[in-house]
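Novice: Everything below, folded, please.
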Amino acid sequence: MDLFTLITLLIVASALFAYLNTRLLKLPDAIGIMVLSLAFSALLIAFNTIHPVWLTEVRQTVAQIDFGRVLFDVMLSFLLFAGAFHTNTDQLRQVRGSVMLFAFVGVLISTALVGTGLYTLVGWLGFSISFPLCLLFGALISPTDPIAVLGILAKFKLPANVKYNIVGESLFNDGVGVVVFASIYRIAVNGTESIRAGNIALLFLEEAGGGVLFGLILGYGLFRLLRSINHYQTEVLITIAGVMGGYLLAQKLHISGPLAMVVAGLLMGGKARGEAMSDVTEEYVDKFWELLDAILNAILFVLIGVELLLIDFQVAYLPLCGAVIVLVLAARFVSIWFPFQLARRWLSLDKHAPVMLTWGGLRGGLSIAMALSIPAKLSGQGLIVTLTYAVVLFSVIGQGLTMERLIRRLYPTSP
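Specialist: Coordinates of the predicted model:
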């Protein structure tokens, strides 16, 4: 099947599910679209006994979509820039200390806890996965997904400091998670002799530090270009070119493209919005990125739903999936609670914040993309993909649907 046909099918499915959700389910967009795409996949599987050819044809079509490449190389730059562009930079600046603390320390603690816990669980339940592969799962599942968080949290009312801690952390901790994932990936594939502490530190400086610096340069360059003209069509085009060209250049420079897009988006949404854009330009740029964000989010959650058709799920995995969901939530709580207690006097967060940050830390397409990037030759890769998928489904649907109830209980007077 050619590329245009695949894109057409994705757009048509996204539009159909978005319509049905808006008209019938009335759920938050990301949740509703994913629920409908999951239902579609489940229906095809159910009809397999009646008409196996249908399921085979759809599976072959879905298998042609390289989920990791579509997300990392095409969609991620736009989604992260759009999310950062629409983030209130003044509010984010007020919680920057806790955001950095949770984004850096929290991911490392969670990775260690999840990896060690999974290794213990698989031993108890009779599965066989190496400890490096368990740690790799911890690294890919620990960062909260900014795409899922921004797509769902925007629908709910939270105290500003809690909301922007969740949003800010999700924007930054994926950069840390990718570095940790890349380091453990080399150990899992090539052995412990393939990497040293100095290599990890250098990789972190190159990926994370380089990404932040490049994002500042890119954002300031876009700001200067927009300030020098007043023509909204050209200015919208400049932002598109900046995101696409900047992300491509970041990949060529081997620095973190996601972090560069976040930093550039925050700078554009704050400084450029106030100083470089006319009211007309601001309206068009804002609406363009809002619309593009909504379209790409719809496509992404359709993809997550239909990937169910390719998951090699076995009934024997059910107890482990349930245990891992609890493990990931527990590790998330500890990774927030511990640094929160250590730095509580310096943080403008209340006692309910660790619970809200735990339940609001959603996982999504990024975790699935990283799981699918693990080579199939590694023993246990299929189980890791299944566990990742189970956690993501529970996170987006289970946590997403109950978030409003939790907010009302913890913050009954929230605006």
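
Novice: which residues touch residue 364?
Specialist: For residue 364, the contact set (C-beta atoms under 8 Å, 6 or more residues apart in numbering) comprises 145, 147-149, 300, 304, 392, 395-396. C-beta here means a position set from N, CA and C on the backbone, and glycine is covered the same way.

Novice: following the helix or strand harbouring residue 282, which helix or strand shows up next?
Specialist: Element membership for residue 282, per DSSP states H and E: helix 279-306. Remark: after helix 279-306, the chain's next helix or strand is helix 318-342, criterion DSSP H and E.

Novice: tell me what that next one is packed against?
Specialist: helix 107-124, helix 353-359, helix 381-393 (3 or more C-beta pairs under 8 Å, 6 or more residues apart in numbering; DSSP states H and E).

Novice: and those as JSON lines, adding distance to residue 338 and mean neighbour count?
Specialist: Shown next, in JSON lines, are those (distance: least, C-beta to C-beta, whole Å; neighbours: other C-beta atoms under 10 Å):
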{"stretch": "helix 107-124", "distance to residue 338": "6", "mean neighbour count": "20"}
{"stretch": "helix 353-359", "distance to residue 338": "9", "mean neighbour count": "21"}
{"stretch": "helix 381-393", "distance to residue 338": "21", "mean neighbour count": "21"}
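
Novice: Of those, which is nearest residue 252?
Specialist: helix 107-124 (26.0 Å; C-beta to C-beta).

Novice: that older thread, what angle do helix 381-393 and the helix holding residue 282 make with each other?
Specialist: Relative orientation of helix 279-306 versus helix 381-393 (axes from the mean of the first three to the mean of the last three C-alpha atoms, to 10 degrees): 130 degrees.

Novice: can you pull the buried residues of helix 279-306?
Specialist: 281-282, 284-286, 288-289, 292-294, 296-306 (16 or more other C-beta atoms under 10 Å).

Novice: same for that helix, what does it pack against?
Specialist: helix 3-20, helix 29-46, helix 76-85, helix 146-153, helix 232-252, helix 365-372.

Novice: May I see the helices and strands packed on helix 318-342 arranged in JSON lines, with distance to residue 16 and mean pLDDT as well?
Specialist: Shown next, in JSON lines, are the helices and strands packed on helix 318-342 (distance: least, C-beta to C-beta, whole Å; pLDDT from 0 to 100):
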{"stretch": "helix 107-124", "distance to residue 16": "36", "mean pLDDT": "95"}
{"stretch": "helix 353-359", "distance to residue 16": "31", "mean pLDDT": "94"}
{"stretch": "helix 381-393", "distance to residue 16": "21", "mean pLDDT": "95"}
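
Novice: will you turn the ones you listed into a markdown table that also has distance to residue 263?
Specialist: As requested, the helices and strands packed on helix 318-342 are arranged in a markdown table below (distance: least, C-beta to C-beta, whole Å):
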| stretch | distance to residue 263 |
| --- | --- |
| helix 107-124 | 18 |
| helix 353-359 | 22 |
| helix 381-393 | 26 |
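
Novice: Identify whichever of those lies nearest to residue 312.
Specialist: That would be helix 381-393 among the helices and strands packed on helix 318-342, by C-beta to C-beta, at 5.1 Å.

Novice: where's the nearest residue to residue 371 once chain neighbours are set aside relative to residue 179, distance?
Specialist: The shortest distance from residue 371 to any non-neighbouring residue, by C-beta to C-beta, 6 or more residues apart in numbering, is to residue 388 (3.9 Å). Separation of residue 388 from residue 179 (C-beta to C-beta, to the nearest Å) stands at 19 Å.

Novice: now do residue 159
Specialist: For residue 159 relative to residue 179 (C-beta to C-beta), the value is 31 Å.

Novice: Could you pull out the buried residues of stretch 155-168?
Specialist: By 16+ other C-beta under 10 Å, the buried positions in stretch 155-168 come out as 156, 158-168.

Novice: what does stretch 300-307 contact?
Specialist: With C-beta under 8 Å, 6+ apart as the criterion, stretch 300-307 contacts 10, 13-14, 17, 30, 33-38, 40-41, 58, 62, 65, 67, 70-71, 75, 79, 147, 151, 364-365, 368, 389, 392, 396.
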